[in-house]
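1. Need the 3D shape of this:
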Amino acid sequence: MATVTRRSLLASAGALASTRALGAPRSAGLAPASDFLLAPGLVYLQTASLGPTPRPVLDRTLEAWRELEANPTYLGYGALVEAMEGVRAKAAALLGCAKRELVLTRSTTEGMNWIAEGLDLQPGDHVLTTDQEHPGGRVCWDHLARRRGVALDVVAVPPGENDAAAIVSRFEREMTSRTRVLSFSHILSSTGLRMPVRELCALARARGAIAVVDGAQAAGGVAVNVKSLGCHVYATSGHKWLLGPKGTGLLYLSDDVGDRIQPIALESGRAAHSDSSGVTNIPGVLGLGAAIDYVSGIGFARIEAHNLGLRNALFERLAGLNRIRLMSPPPGPLASPLVAFELPSTVDSRVLQTRLLANHDVMVKRVPKVWFNGNRLSTHLFNRNEDVDRFMSALGSELR
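-> The predicted model follows:
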């Protein structure tokens, strides 16, 4: 666990004094710092991996667990199951769909796995995806390719090339009469590029394919309405931008998919508890309901504006450094709360990540080197301008 160090305190104080001297406005997070259990002094820029659960959400999760243990069978198959159905309704409203179209999962990856398992794809059928998909959203298609002979076609989205029209054109060129699925991220975890989801979903529908969206980096950080996006399927996490308990997720299966997706876990229906799902993480699900209340209470428009404001501040300050190359889109419609940069070959991204945490109490993401040698930052509702200052001071110190 990171601790406050003399160096981090001096860096923070120096950056703060410098910014105040310039007369720049200071921002507070959208939630009280006391709501979070982050280690004292830690600058956490890693929500895109796992979000910190706020105290009110954790309290509700533990309360539900204690309540359950008072009479596990009576409550676990009774009142608390009904309470989980209430969470399904909240989650459906969050994504803009009907409750009957919403399934509770443990993660985006589980949702993606259920989709692949439930599709009756045959040898020679094609799935079209990108080379920037998170492994958790890609492994399900690799599995089908290995076990069922499904062909996997891959569209290149070179990091640093942020051209939505070019991406749509590449998908269109790669589609064949055997393309059954288009699978892509709402926001790329590698660079934070906000993909042209509506256009790709429209393309899939026009060609008779199913549009599957990996929304792990969207719900809770930016506004999401699955009906507006036009996708058939949307999988997302409860434990990233929604700040819910770890091991929670959501899966949207649109009515117009019909019976084309039938995983074993949904054989008995889509309820929070069924014969095919078995007993689920009851306290986690109820905690997820509290998390949805927490972020909804702040407002998604406010959250998105706050996140993009901090992200854009990072982008602009990183753009002034000669030794790095920004891989994320500039401020504008393709930007998201994630920003990533490539390091010179003489600086290893894993080493930099380690040093930022050990020396400066700053937590960032190391981008998998299959994409590029770099690091990624993600800001959320608890972050402030001071966190931007601390990171830039720490980065400057390590790249000297």
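
2. Do a quick rundown of the helices in this protein.
-> Here the chain has its helices, by DSSP state H, at 6-21, 55-70, 72-76, 79-95, 108-118, 135-148, 164-174, 197-206, 226-229, 282-298, 300-318, 349-360, 385-398.

3. Quick one, which of these gets closest to Trp371.
-> Among the helices of the chain, helix 349-360 comes nearest to Trp371, with 10.3 Å by C-beta to C-beta. C-beta coordinates here come from the backbone N, C-alpha and C atoms, glycine included.

4. What residues of the closest one count as buried?
-> Buried positions in helix 349-360, judged by neighbour count with 16 or more other C-beta atoms under 10 Å: 349, 352-353, 355-357, 360.

5. now swap in stretch 225-233 and tell me
-> Under the neighbour-count criterion of 16+ other C-beta under 10 Å, stretch 225-233 has 226, 229-233 buried.

6. Out of those, the closest to Glu82 would be?
-> Using C-beta to C-beta, Val226 comes nearest to Glu82 of these, at 25.0 Å.

7. got the contact list for that closest one?
-> Val226 makes contacts with 95-97, 234, 252, 254, as judged by C-beta atoms under 8 Å, 6 or more residues apart in numbering.

8. Now for the residue nearest to Leu286 when sequence neighbours are not counted: which residues touch it?
-> In space, and not counting its chain neighbours, Leu286 is closest to Ala64: 4.0 Å by C-beta to C-beta, 6 or more residues apart in numbering. By C-beta under 8 Å, 6+ apart, the contact list for Ala64 reads 80, 83, 282-283, 286-287.

9. For Gln122, list the residues it contacts.
-> 148-150.

10. Could you report the neighbour count for Leu250?
-> 30 (other C-beta atoms under 10 Å).

11. bridging residues for it?
-> For Leu250, the beta-bridge partners under DSSP bridges are Leu104, Thr236.

12. Make sure it is actually in contact with Val103.
-> Yes: with contacts counted by C-beta atoms under 8 Å, Leu250 reaches Val103, the gap being 7.3 Å.

13. Show me the common contact partners of those two, please.
-> Common neighbours of Leu250 and Val103, counting by C-beta under 8 Å, 6+ apart, are Gly111.

14. and the gap between the residue nearest the centre of the chain and Val295?
-> In the chain, the C-alpha nearest the mean C-alpha coordinate belongs to Gln217, at 2.2 Å (C-alpha atoms, centre = their mean). Distance of Gln217 to Val295, given as C-beta to C-beta, to the nearest Å: 15 Å.

15. same thing with Ile282?
-> From Ile282 over to Val295 the distance is 21 Å, taken as C-beta to C-beta.

16. The two: which is more packed in?
-> Val295 (26 against 22).

17. residue contacts, the residue lying closest to that one once chain neighbours are set aside?
-> Of all residues not flanking Val295 in the chain, Gly220 sits nearest, at 5.5 Å (C-beta to C-beta, 6+ apart). Contacts for Gly220 (C-beta under 8 Å, 6+ apart) come out as 51, 240-243, 295, 300, 303.
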